[in-house]
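S.K.: Provided below are the primary sequence and the corresponding predicted coordinates.
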Amino acid sequence: MSGAIALTRDAKILFSTRVVRLFAYGFLSVVLVLYLASLGLEETRIGLLLTLTLAGDVAISFYLSTRADALGRRRTLVAGAVLMVLAALVFASTRDFTLLVLAAVFGVISPSGHEVGPFLPIEQVALSQTIPAQQRTSVFAWYNLAGSFATAAGSIAAGALTDFLSARAVVIGYGILGIVLALSFLRLSPRIEPEPGELRTKSLLRVDRSRGVVLRLSALFALDSFAGGFVVQSIVAYWFHTRFGLSPAVIGAIFFGANLLAGISALAAARIAARIGLLKTMVFTHLPSNVLLILVPFMPTVELAIAVLLLRFSISQMDVPTRQSYVIAVVDPAERSAAAGITGVARTTGAALAPLAAMPLFAAAAWSWLPFVIAGGLKVVYDLALLRAFRETRSELD
């Protein structure tokens, strides 16, 4: 790791929980839509369920992450893991749409293969307490690399397991991993909790001095996530299945490679940010990936579609560690948990709205290309708006 940082015991546990959680998310996302279709749900209902899943994640994440410092960070993390277990239990045991909706709203399920729930913002702030500010982007890059590798491993494991057992076995496995996650969080020490002397606002959003920056970032992150919600991993997996007839095992292998490339790119992002700053790294690495996303559905063969998708993934996540580090750097230290939580919730909110519109388009062969174009186009708008809004704002790492 850059600068030979020695991770504390708590930091090592947080890296391990990131691995377990992202493995679980990647494990489930490859087969989630296929599993729901096997239950007899039509595309519009699946889209509604995915939207409600993400909407529930928004509510849970907002409440828990903005109150984590008061409730206790370790206790909040354990509660999130328990909600993962309960959601998996319901999804694996019933075909009743109402019960599935309730589990989707109140549980923690990731249709995208990416972070949902209160975990990420709390872990980020806890990690930032254990390292110097100059090392934060580098540590976050390794943290994201660990998550990307875990998502990749989960994707390929789910594809292979589905060939031998069933998608329901993957859902059950997701619940078991939630139990492992809860037990791991219980091992964290009190040192991850807020500093006793920190002043914290009691306003609804739990941010005061950083409110303007947090609200602007949240609006932009919501736009980016809304765009990404048209092409979440579960939906793209479904597109490859319906467009090219690929099996879950092959689809899992595709996303295994995609997530490996995404993780490796995070390390390069840390080096680039050290030279040109966090904001420029976020924008200038994201723009070309959006063009590649638009091109995916226009590829005439499955091989070319996979190649463009993999190329896109090789640069699409370079903004993630820089974005996380940027949020921590530009807000008041006492408001970091709430700020990370609010911006994370904004991202989940944006993503929650898109599947409802995306699934009917993917179901209609004549329009299955449109979600890729919408996603790429809106992401370009986000990049340019972010650069314009914050080009004069300096962070401690720029």
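M.R.: Received, thanks. Numbers count the residues shown, from 1 in each chain.

S.K.: nearest spatial neighbour of A274, skipping sequence neighbours?
M.R.: Computed as Cβ to Cβ, 6 or more residues apart in numbering, the closest residue to A274 that is not its neighbour in sequence is T137, at 7.5 Å. Any C-beta I mention is one placed from the backbone N, CA and C, and that applies to glycine too.

S.K.: can you pull the phi/psi pair for that neighbour?
M.R.: With angles defined as degrees, to the nearest 10, T137 sits at phi -60, psi -40.

S.K.: that one touches A273, doesn't it?
M.R.: Yes. The pair formed by T137 and A273 meets the contact definition of Cβ atoms under 8 Å, at 5.3 Å.

S.K.: before we move on, back to that, contacting residues around the residue nearest to A274?
M.R.: Shown in contact with T137 (Cβ atoms under 8 Å, 6 or more residues apart in numbering): 269-270, 273-274, 278, 321-322, 325, 397.

S.K.: mind checking how far it is from A352?
M.R.: 28 Å (Cβ to Cβ, to the nearest Å).

S.K.: which ones among the contacts of T137 are found in helices?
M.R.: 269-270, 273-274, 278, 321-322, 325 (DSSP state H).

S.K.: for ChimeraX, write the select line for the buried members of those.
M.R.: Of these, the buried ones can be selected in ChimeraX as follows, counting by 16 or more other Cβ atoms under 10 Å:
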select :269,270,273,278,321,322,325
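
S.K.: helices of the stretch 201-350 of the chain, residue ranges please.
M.R.: Taking DSSP state H, counting those that start in this stretch to define them, one finds helices in the stretch 201-350 of the chain at 211-229, 233-244, 248-276, 278-295, 302-316, 319-330, 336-363.

S.K.: now L177: closest residue in space, sequence neighbours ignored.
M.R.: A24 (3.9 Å).

S.K.: quick one: pLDDT of that neighbour?
M.R.: As predicted, A24 sits at a pLDDT of 93.

S.K.: check which element follows the helix or strand harbouring it along the chain.
M.R.: Element membership for A24 (DSSP states H and E) is helix 9-38. As assigned by DSSP H and E, the chain's next helix or strand after helix 9-38 is helix 43-66.

S.K.: where does the chain have low pLDDT?
M.R.: 1-5, 163-164, 196-205, 394-398 (pLDDT under 70).

S.K.: skipping adjacent residues, who's closest to A103 in space?
M.R.: V90 (3.5 Å).

S.K.: surely E335 touches P194?
M.R.: No. With contact defined as Cβ under 8 Å, E335 does not count as touching P194 (10.7 Å).

S.K.: which one of these two is surrounded by more residues?
M.R.: Shown here are E335 and P194; by other Cβ atoms under 10 Å, E335 has more neighbours (26 against 19).
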